[in-house]
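Trainee: Sharing a model prediction with you, sequence too.
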Amino acid sequence: MSLIKMRDSLTGRVDLGEGWSALITNARARVEGLVNEFFKAKLMGITEVVEFLEAMEETKKPGF
């Protein structure tokens with residue numbers, strides 16, 4: 001929805017006025033989350049990565 005509002009503002013359909021900054025911040029946060037989830041899913045599909053992360057958890061010391 002944020003991207004549609006941004007498109008509307010850029011094309012002149014709707015003037016966002018003061019809401020522009022909040023819209024950009026919201027859209028950016030949502031896109032970052034989607035990109036992070038995409039790459040996390042891809043990386044967790046690689047056996048070596050999962051094994052490495054599991055090994056890191058096992059060696060993790062309490063308090064760190």
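Mentor: Cool, got the structure.

Trainee: how about Trp20, secondary structure?
Mentor: The three-state label for Trp20, taken from DSSP: H, G, I helix; E, B strand; the rest coil, comes out as helix.

Trainee: Count the residues that sit near it.
Mentor: Trp20: 13 surrounding residues under other CB atoms under 10 Å. Where you see a C-beta, it was placed from the backbone N, CA and C, and this is true even at glycine.

Trainee: One more: Arg30?
Mentor: Neighbours of Arg30 under the rule other CB under 10 Å: 13.

Trainee: And the helix or strand containing it, what does it pack against?
Mentor: Counting by DSSP states H and E, the secondary-structure element that holds Arg30 is helix 20-43. Identification of packing neighbours for helix 20-43 by 3 or more CB pairs under 8 Å, 6 or more residues apart in numbering; DSSP states H and E yields helix 2-11.

Trainee: and the angle from the helix it packs on to helix 20-43?
Mentor: Angle, helix 2-11 to helix 20-43, by axes from the mean of the first three to the mean of the last three CA atoms, to 10 degrees: 140 degrees.

Trainee: Packing partners of helix 2-11?
Mentor: helix 20-43.

Trainee: If we go by neighbour counts, what in the helix it packs on is buried?
Mentor: Of the residues in helix 20-43, 23, 26-27 count as buried by neighbour count, 16 or more other CB atoms under 10 Å.

Trainee: will you turn those into TSV that also has pLDDT and distance to Ala41?
Mentor: Supplementary listing: the buried residues of helix 20-43 in TSV, determined by pLDDT from 0 to 100; distance: CB to CB, whole Å:
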residue	pLDDT	distance to Ala41
Leu23	78	27
Asn26	86	23
Ala27	85	21
